[in-house]
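In: quick check, what structure comes out for this input:
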Amino acid sequence: MSDVVEKTLSALPSLLSLDSQAGAGKLSPSSKLGNLIKGITELTSKHEEETLIKKELESIKEQVASPNTTMRQMKEIMVRAIYCEMLGYQASFSYIHAIKLAQQGSVLEKRVGYLAVSLFLNETDEFLLLLVNTVLKDLQSTNLIEVCMALTVVSQMFPKDMIPAILPVVEEKLTHPKEIIRRKAVLALYKFYLIAPNQVQHIHSKFRKALCDKDPGVMTASLHIYLQLIKENPESYKDLTGSMVTILRQVVGGKLPLDFNYHSVPAPWLQIQLLRILAYLGKEDQGTSEMMYDVLEESLRRAEMNHNITYAILFECVKTIYTVHPKSQLLEKAAECIGNFVLSPKINLKYLGLKALTYVVQQDANLALPHQMTIIECLDHSDVIIKRETLELLFRITNAQNVTVIVEKMLEFLRLTCDDYSTIDLVGKVAELAEKYSPDNVWFIQTMNSVFSLGGDVMQPDIPNNFLRLLAEGVDNVEDRQLRLFAVDSYVSLLQGETAKLPQRFLQVISWVLGEYSYLREEESDPGSVMRLLARLLDQRHTSTETRSWVLGAMTKLCSSPVSVALARDVCERYSGSLNTVLRQKAQELMILSQDTKLRARVLPAEGRLESPEVDSSLSFLDGYVSDALAAGAAPYKSPHQRQEDLVQEKALSLEPYGLSLPVSLSSCSITDRRSPTLLSMSSGLSGNSTELSHQEGSTTLKLEGVKRVWGKDGYLAQQQSAGETPTPLVELPSPLLSPQSPPSQKPSSGLEPDQEKRQLASSLFVGLGSHNSVCLMGRAETAPRHFRRKPRGESSSGASEGSSDSSHSSRSAAVDNLLHSNLLDSTTVASEGGAATTTTPQQTSQRTLDHTTSNGNPHVEGTEQRVEAGGPLSLIRGNGMVAVVPPTHTQTDPQTQQDLHPAPALERPRDLPLTSHLPAELSGLARSEFTPLCSDQDSSLALSACRVYKEDALVLLVFISNNNDSALHQMVLQLTCKELEISCISGSPLKEVKGHSVSVCLHTVVMKRASVQVELAGLLSYQRPLGQPQAAQFSLSLSLKHFLRPLTVSTGDYGKMWLSFSHDLKQNLRLVTTEHQEPLTATLDALKGKLHLHVVDIIGSEGIVACRLLQGPGQGQPCLLHCRVHADSLAVWLRSPVPELPDSLLYHCQKALTET
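Out: Residues are numbered from 1 along each chain as shown. Have a look, this model is predicted:
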């Protein structure tokens, strides 16, 4: 948009022909626009400018309202209105006249009208509705200029709701004979894909034609679309690798016209685009990467370092080489290129080298070792940007051995910077490193105090929230008491000094900690010392109202001694009449609780400080009220994202059908925070370490709800040292917050030479980079376990118990692996009720089928040979990867419909035997449901039954048509309809005739269009008997979301990358499944795995990560990730998916599955 405005304004003098000579390049000083610009330049104050612009706007308003104003004059008026709007003054009265000018004027006047519309209006403006017909008319015009202007406006400002009205016309322009029209049409479709990708999926084949267009401009425009498509789903476009390599080879070889060159470099931006596409295609794919090695080497060789644009190409080449499957020769050349950048005396090139090095150290941290001294010199560079990028590089290579030195360097930079962005960024990084690699409690508290002091009130609210959560959630052991006691002592010393310079958020943290844990000091001689410090903080003028409320809350918890009660009485007298309602309420609470000791003991029990309150997150106590309200006609509950969608649909023109609401029993709370569940402060993007911060909006109060409680991968409690061991000396760093009077930490003076000091600093910064890194839960490499991780209450802290738990878990995993990898073709071992093993034949195994869900939604298994008795569910992995669940064989009843589900084996249902023999051979070995009767005619001569077969890529629905009459059925047509499903008839399955006393089957593949808890499939079978009238049989079938769920097998690292890329998430607490032989977490995940076909990626301590995918649309479906953590007696589940409806729907089935277990 800025380029359009700049070019247009530069051409306005000749465009408007305001001078007496046609096409004059100078703006006539006698024109009204020239007089306006001249008058503004002569002003001396802002007030004079406002007066002049208001006068000008009044003049414009009178002229546009006059019926005698011609289109030529209107064109000049619009330019003056544009100039006033660009200065920040609203000219909304001219918007409608700009639309009229675009509708009625000549080509030149249309151009100015479209320019004014694009600058005046945005995508949500209702005036755009008046422009749709004009754009459609201009798109169909024979004048190329009008078509170009219409395509430009469409690609700039048309909203999602108006795309269906103009999409067919824009699609036609892809075959226009003029290349400029084709290029603009491709760019318009690219904009459509960005805002509404589902509406352009049917023309992906035409994108390929644009990629092969004879005009390089059209081909270049199509790369924008393919970059986005390949970024989202590279597997579907692997076949284009050869084409992309060929295009890049031709571009590098100078085969394009000279018009595409920039400073003698052939099409540099096109090269950068192609390199990014190749990086996505070749990532973790050796075969695809081998196709691009030669062209990458040629790109490196031809891009000589002689201009800024070649530096950009080299930088993109380096990123691509380190992204695709590695090749040693290319890696060496890329490392040499990075070295040239880093060692360059030019600041821009040095920054580019640090940026590239920051990217590649994520693949191999040892690449930073050859540049140690250069990085050390960059820490003292005069350019602030170089310093900040160097700290970002150090952040990426931090481990448990160098964390203290790197954190101290970051804190030194924080003490000198005044930039809010740098402060927010580095404060989040320091907090994250302190959480992950803290060597001991003292260092952790000192570092967090520095974070609170230096971060001030601009840091993200989740940092103090998580810190308070850490202090509150630990078990009551010696180490936790020492952590809290040291925090209390450090905060008491801070309050005894000067508190005027402490940020308000830090004072709130101090108040909460002192209120909760001051009793640990055991100061019998002076029990009211903390109360006096807090009362002194109340009286200071710099203390904000919000901080005073925190202080009053802390004093309420401390008013136990007579001295404290007296202080509380004085405070209450001052604040009981406060004009602020919060302070007045806090003062009243303080007064009442300080006077009534019994009430205070009941409200604030000393022994209950560390106990978490039991919260019924599902609000089950409201079930009766909700049922009555629904019966009275109340609207069902809608999740937050559905309410937001409804709001958008109400405000904008929507051409899409409304979706179904979720059931009322689905209770959820949407989380907009995008932090990783294993990181304290997610101020990073790639592998948990990006410089981009997710700024959170809202209140600045310290909210403790929804903050991550578990801190690390291998437990919070450090291993206790044995009596014979000697403790390792810790590195103590000076902290300005231990003593308020102490000066800021200074570098230790020594007699060492500067070079020797730098070498020692390098050895401290780059220690530990040569070791083998391990991958943590969310995909980041780390060399040491995290020291701060809270264990659930009641869990043993001894190393022996942890070892036994790990060994039991590994033994269970080994047993499962043996079961899963056993040869099912020979025999299958099934645990019987008595504990022995029963061996079944391959035929029995293949005939044992799965009923994912009957019409009521509960899972069952039927077998044709043998009834399997078992004490609990048993999961078997079939050859196609499907999970067959063998449940207990007692009869179950669905609590919602109170219908008997009859889970008896097939031997007890002889009616199913004829249908089993009609299963297609290619589907007989797959997991399937039982046969569900659909309908039958009056004399039972025609019966319809259905069966679901679960394939990896689709749900196959089989409809069995049983003709029990002598006469055949003719002119048969089976129709299946459902708005939420995509139904396709398998080739060869449509039937026209069913002979007498025979059974025929119709096969349909079914996938979901939109995630829903449950959908209703409507069917209509029309047929005719000989000498009879045409007849029809209607039926319906309920399909559940879990019929379309499949396991998603991913590694832990891939899981972490996917987690960070998904934007729709949901949190909820679920019940735990308890058994005698399994841990609660393992039993619960096994239950979800068996009932919903989820894949358990990994279980680490009290956390587990699970993945699944929904069969939705073409391809592999839409993924959904679950992060599960045991908290007290419940399971805290965090779901995340790229599809907004999927977490809500899957959570409902998780709740139902655990309730039925």
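
In: hang on, Asn348 in a helix?
Out: Yes: per DSSP: H, G, I helix; E, B strand; the rest coil, Asn348 lies within a helix segment.

In: that one: neighbour count?
Out: The number of residues packed near Asn348 is 13, by other C-beta atoms under 10 Å. C-beta: built from backbone N, CA, C; applies to glycine.

In: my read: it touches Asn308, true?
Out: Yes: counting by C-beta atoms under 8 Å, Asn348 does reach Asn308; the two are 7.5 Å apart.

In: all helices for the stretch 1-150 of the chain, in order.
Out: With DSSP state H, counting those that start in this stretch as the criterion, the stretch 1-150 of the chain has helices at 2-16, 32-41, 46-65, 71-86, 95-104, 107-120, 132-139, 144-157.

In: mean pLDDT lowest where, among these?
Out: When those are compared by mean pLDDT, helix 2-16 comes last with a mean of 53.

In: looks to me like Ala1033 is in a strand.
Out: Yes: assessed with three-state DSSP, Ala1033 lies in a strand.

In: report the beta-bridge partner residues of it.
Out: Judged by DSSP bridges, the bridge partners of Ala1033 are Leu1021.

In: could you report the pLDDT at it?
Out: Note on Ala1033: pLDDT of 83.

In: number of residues surrounding it?
Out: Using other C-beta under 10 Å, Ala1033 has 18 other residues around it.

In: contacting residues for it?
Out: Cys935, Asp937, Leu942, Leu944, Leu1020, Leu1021, Tyr1023 (C-beta atoms under 8 Å, 6 or more residues apart in numbering).

In: can you tell me which of the residues you listed end up in strands?
Out: Cys935, Leu942, Leu944, Leu1020, Leu1021, Tyr1023 (DSSP state E).

In: ChimeraX command to pick out the buried ones of the residues you listed?
Out: In ChimeraX syntax, the buried subset of these is picked out as below (16 or more other C-beta atoms under 10 Å):
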select :942,944,1021,1023
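
In: from the ones in strands among the contacts of Ala1033, which is closest to Leu1085?
Out: Nearest to Leu1085, judged by C-beta to C-beta, of the ones in strands among the contacts of Ala1033 is Leu944 at 38.4 Å.

In: turn the helices of the stretch 1-150 of the chain into JSON lines, columns for distance to Val1096.
Out: Below are the helices of the stretch 1-150 of the chain laid out as JSON lines (distance: least, C-beta to C-beta, whole Å):
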{"stretch": "helix 2-16", "distance to Val1096": "50"}
{"stretch": "helix 32-41", "distance to Val1096": "68"}
{"stretch": "helix 46-65", "distance to Val1096": "65"}
{"stretch": "helix 71-86", "distance to Val1096": "58"}
{"stretch": "helix 95-104", "distance to Val1096": "57"}
{"stretch": "helix 107-120", "distance to Val1096": "52"}
{"stretch": "helix 132-139", "distance to Val1096": "51"}
{"stretch": "helix 144-157", "distance to Val1096": "46"}
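
In: doesn't Ala587 belong to a strand?
Out: No: read with three-state DSSP, Ala587 is helix and lies in no strand.

In: which stretches of the chain aren't confidently modelled?
Out: Scanning the chain for pLDDT under 70 picks out the ranges 1-30, 305, 474-476, 522-527, 606-614, 641, 644-914, 936-940, 987-991, 1113-1116.

In: now the strands: where do they sit in the stretch 951-1100 of the chain?
Out: Counting by DSSP state E, counting those that start in this stretch, the stretch 951-1100 of the chain has strands at residues 955-963, 970-977, 981-985, 998-1008, 1014-1024, 1030-1040, 1045-1047, 1064-1071, 1095-1100.

In: which parts of stretch 1094-1106 are buried?
Out: Residues Leu1094, His1095, Val1096, Val1097, Ile1099, Ile1100, Gly1101, Ser1102, Glu1103, Gly1104, Ile1105, Val1106 are the ones in stretch 1094-1106 that count as buried (16+ other C-beta under 10 Å).

In: closest to Glu389 among those residues?
Out: Distance to Glu389 across the buried residues of stretch 1094-1106 (C-beta to C-beta) is lowest for Ile1105, with 32.6 Å.
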